[in-house]
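>>> Just a sequence and a predicted model for now, questions to come.
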Amino acid sequence: MRREALRQRAGMSADADALEAFTALFFQHVPLEPETVVAAYWPKEREFDVGPVIEEILKRGSVLCLPVVEKDSKILTFAAWDGQDSLVKGAFGVMHPPLNEGTRRVEPDVVIVPLLAFDRRGYRLGYGGGYYDATLADLRSRKRVLAVGAGYALQACLFNLPIDAHDVRLDLVITPQQVYTY
């Protein structure tokens with residue numbers, strides 16, 4: 001199923017109008033205050049491009065962070081990023097701010113999650129590592145965190161995805177055409 005979802009996504013892309021529509025829907029449905037910490041991702045391999053959302057988050061003054069996969073942990077670390085510093089390639093090709101003594105590690109209030117597919121219940125098909133599921137479960141054990149899937153309309157499944165006990169439901173999935181609320 002994952003291989004097929006990757007194959008299908010390889011043929012998808014979002015034009016400027018779709019990115020603009022996605023960005024507008026995101027800010028209509030995700031309330032942000034200046035102190036809100038938002039975790040985004042730097043897209044890779046045809047993941048939905050959240051670059052315009054990242055730019056707007058930075059313009060609005062909210063705190064932006066990107067996920068870092070650290071060795072021997074399923075829980076993602078989130079490094080604050082001002083949009084200026086260079087990113088480095090980490091595990092699985094994930095781009096993130098370099099982790100050093102000066103890196104500000106933060107805990108997000110909103111997590112934008114990449115996906116390969118999603119179902120009508122709010123579950124997503126990811127790459128299979130369980131990093132976002134483990135991270136969201138960990139964060140939600142301490143505070144309210146809004147999990148927002150970002151994808152293409154064609155990634156919506158007409159059937160329920162198989163889930164395991166550790167799978168975590170998203171609160172929203174946003175596509176350029178629609179917002180799905182769970």
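The structure has been received and is ready for your questions. Numbering: from 1, shown residues only.

>>> C65: what's its closest spatial neighbour, skipping adjacent residues?
F78 (4.0 Å; Cβ to Cβ, 6 or more residues apart in numbering). To be clear about C-beta, it is placed using only N, CA and C from the backbone, and glycine gets the same treatment.

>>> Helix, strand, or coil at that neighbour?
At F78, secondary structure determined by DSSP: H, G, I helix; E, B strand; the rest coil is strand.

>>> Hmm, A39 and it touching each other?
Yes - between F78 and A39 there is a contact under Cβ atoms under 8 Å: 5.1 Å.

>>> residues shared between the contacts of these two?
Counting by Cβ atoms under 8 Å, 6 or more residues apart in numbering, the residues touching both F78 and A39 are 65-67, 108.

>>> Which helix or strand contains the spatially most central residue of the chain?
With distances taken as Cα atoms, centre = their mean, V113 lies nearest the centre of the chain, 2.0 Å away. Taking DSSP states H and E as the criterion, V113 maps to strand 110-114.

>>> contacting residues around that strand?
Strand 110-114 is contacted by residues 30, 32, 36-41, 43, 47-48, 50, 53, 124, 126, 132, 135-136, 139, 145-151, 170 when judged by Cβ under 8 Å, 6+ apart.

>>> now do 7 Å
Contacts with strand 110-114, where a contact means Cβ atoms under 7 Å, 6 or more residues apart in numbering, come from 30, 36, 38-41, 47-48, 50, 53, 124, 132, 136, 145-150, 170.

>>> same question, stretch 159-176
14, 18, 21-22, 25-26, 29, 113, 117-119, 121-125, 130, 133, 136-137, 146-153, 179-182.
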